[in-house]
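Q: task: produce atomic coordinates for the following.
(2 chains)
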Protein chains: 2
Amino acid sequence: MSEIKVVTNILQTNDEITSKNKKLLDEKGIYVVNLMSSPGSGKTSLLEKIIAKLKNEINIAVIEGDIYTTKDAERIEAQGVPVIQINTGGACHLDAEMIKGALNKLTLDEVDLLVIENVGNLVCPAEFEIGEDIKISVLSTTEGNDKPLKYPLMFEKSGAIILNKLDLIEFTDFDKKEFYKDIKSLNANADTFETSCVKNQGIDEICFWLKSKIQNKKIK
Amino acid sequence: MSEIKVVTNILQTNDEITSKNKKLLDEKGIYVVNLMSSPGSGKTSLLEKIIAKLKNEINIAVIEGDIYTTKDAERIEAQGVPVIQINTGGACHLDAEMIKGALNKLTLDEVDLLVIENVGNLVCPAEFEIGEDIKISVLSTTEGNDKPLKYPLMFEKSGAIILNKLDLIEFTDFDKKEFYKDIKSLNANADTFETSCVKNQGIDEICFWLKSKIQNKKIK
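A: Down below sits the predicted model:
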């Protein structure tokens, strides 16, 4: 696992660097996911499940964004795929410059799917493009069905929305009907998935869907 | 319920306005709590329980910070206490200027305890002083015991830390021993509480503790 300390003096604008990241990743035919949610929604657990399922078929690499610690990167590394840790040193989101630095440390010719796990934060990460093909947001049932309307930007910008911790829904007052109504009002075109990492539920569906996205990008 | 749309052109620095907020609130002898956590940790539910318990003894007012919607403020208003809604219009935290505007709308002579419920975000709100006596951070068991080390600033700066959703801990892998070890390493002086709003657990303890804090400020 390589670690990157982020230099705060960013000279180029985020959009300019995003375009360069995107160009490089497109040239390499890598499908890039920007995975976002609140802390504790289960991003890393989902990623562990997806990697375990897909790693024998597809070359996966991961960029782990955290404010401090390498806890998540260690979990991903244990899955046997390349992982670059970005420690933002306080910053509440990843930006394109940080991703540029991480891309320099990966052997991109050997990657089909790059998952960038953003800092746990339902607000700020959604404001920064970093060179991704798709944003995927995760909400867990224990957070409450009111969150998409309260924190709309992330859900509006996501190409897919995952409702996680389905195993705990019976212990909460999470209203799925309201949730899907709100999601539809914010972003009618988003693909949606329901998952439980504990019960291994919904992982196959996400992996199947991801494979079609990866395939589609390779063809282009 | 009054609503405030936030003007983004802030001329004075946050610290200057914080000092003025603090001076005004001290003169009025109001004990001020800055309540912070991730989205969905249960801040509003805890506040509902605390208000229901204390409102006949103590004059409480609430400032509700949300990016969009008045969902939380409506819940608090139903408890029969004054509430000011701040909609940040995208911003990921409350700042002193927003609080200044809200204080102008409250009858401060009739307030003993002011609770400011910050935007749900485990990162940015901790960076901004707004005139509070104490920061209280909430973590729910379903978010995982690794969060204090991953998002240390909020826990370092908090005078009290509440572990909420105790009723769900048995369905998670939350390790309380690790949690308290990490909390101690970050902030040995913080008071800690364990709560469940569903089971009405720990609310009496928080209310008793809050009353002593309010009393202490009145005496000064």
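Q: pull up the residues of chain A that are close to chain B.
A: A:38-40, A:66-69, A:71-72, A:90, A:92, A:119-124, A:140, A:142-144, A:146-147, A:149-153, A:165, A:167-168, A:171 (Cβ under 8 Å from any Cβ of the partner chain). Backbone N, C-alpha and C define where each C-beta goes, glycine included.
Q: please indicate which of the residues you listed are buried?
A: A:38-40, A:66-67, A:69, A:71-72, A:92, A:119-124, A:140, A:142-144, A:146-147, A:149-153, A:165, A:168, A:171 (16 or more other Cβ atoms under 10 Å in any protein chain shown).
Q: keep only those of these that are in helices.
A: Among these, DSSP state H puts A:71-72, A:147, A:149-150, A:152-153 in helices.
Q: nearest to A:Asp15 among those?
A: Using Cβ to Cβ, A:Leu153 comes nearest to A:Asp15 of these, at 16.9 Å.
Q: test my guess that the closest one contacts A:Val123.
A: Yes: counting by Cβ atoms under 8 Å, A:Leu153 touches A:Val123, with 7.4 Å between them.
Q: kindly list the longest helix within chain A.
A: Determined from DSSP H, the single longest helix within chain A is helix A:203-219.
Q: mind listing what's buried along that one?
A: Across helix A:203-219, burial judged by 16+ other Cβ under 10 Å covers A:203, A:206-207, A:210-211, A:213-214, A:217.
Q: what helices or strands is that helix leaning on?
A: If you count contacts as 3 or more Cβ pairs under 8 Å, 6 or more residues apart in numbering or on different chains; DSSP states H and E, helix A:203-219 packs onto strand A:31-37, helix A:43-54, strand A:191-194.
Q: try 6 Å
A: strand A:31-37, helix A:43-54 (3 or more Cβ pairs under 6 Å, 6 or more residues apart in numbering or on different chains; DSSP states H and E).
Q: residues near A:Asp95, how many?
A: Counted with other Cβ atoms under 10 Å in any protein chain shown, residues neighbouring A:Asp95 total 23.
Q: what pLDDT does it get?
A: Looking at A:Asp95, its pLDDT stands at 94.
Q: that one is in contact with A:Asn14, isn't it?
A: Yes: the pair A:Asp95 and A:Asn14 qualifies as a contact (Cβ atoms under 6 Å) at a distance of 5.2 Å.
Q: now the common contact residues for those two.
A: Residues touching both A:Asp95 and A:Asn14 by Cβ atoms under 6 Å, 6 or more residues apart in numbering or on different chains: A:Phe128.
Q: ok, for A:Lys53, nearest residue in space, not its chain neighbours?
A: Excluding its sequence neighbours, the residue lying closest to A:Lys53 (Cβ to Cβ, 6 or more residues apart in numbering or on different chains) is A:Cys207, at 4.8 Å.
Q: what of A:Leu153?
A: Using Cβ to Cβ, 6+ apart, the nearest residue to A:Leu153 is A:Ala126, at 4.5 Å.
Q: where's that neighbour relative to chain B, distance?
A: 10 Å (Cβ to the nearest Cβ, to the nearest Å).
Q: quick one, what contacts that residue?
A: Counting by Cβ under 6 Å, 6+ apart, A:Ala126 makes contact with A:153-154, A:157.
Q: and which of those is nearest A:Asp182?
A: Nearest to A:Asp182 among the contacts of A:Ala126: A:Met154, at 12.8 Å, using Cβ to Cβ.
Q: run a quick neighbour tally on the closest one.
A: A:Met154 has 28 neighbours, counted by other Cβ under 10 Å.
Q: so how far is chain B from it?
A: To chain B, A:Met154 is 10 Å away according to Cβ to the nearest Cβ.
Q: that residue contacts A:Ser137, doesn't it?
A: Yes: with contact defined as Cβ under 6 Å, A:Met154 and A:Ser137 form a contacting pair (4.9 Å).
Q: helix or strand with the lowest mean pLDDT in chain A?
A: Sorted by mean pLDDT, DSSP states H and E, the helices and strands of chain A end with strand A:2-5, the least confident at a mean of 53.
Q: immediately after that one, which helix or strand?
A: Sequence-wise, the next helix or strand downstream of strand A:2-5 (DSSP states H and E) is helix A:14-27.
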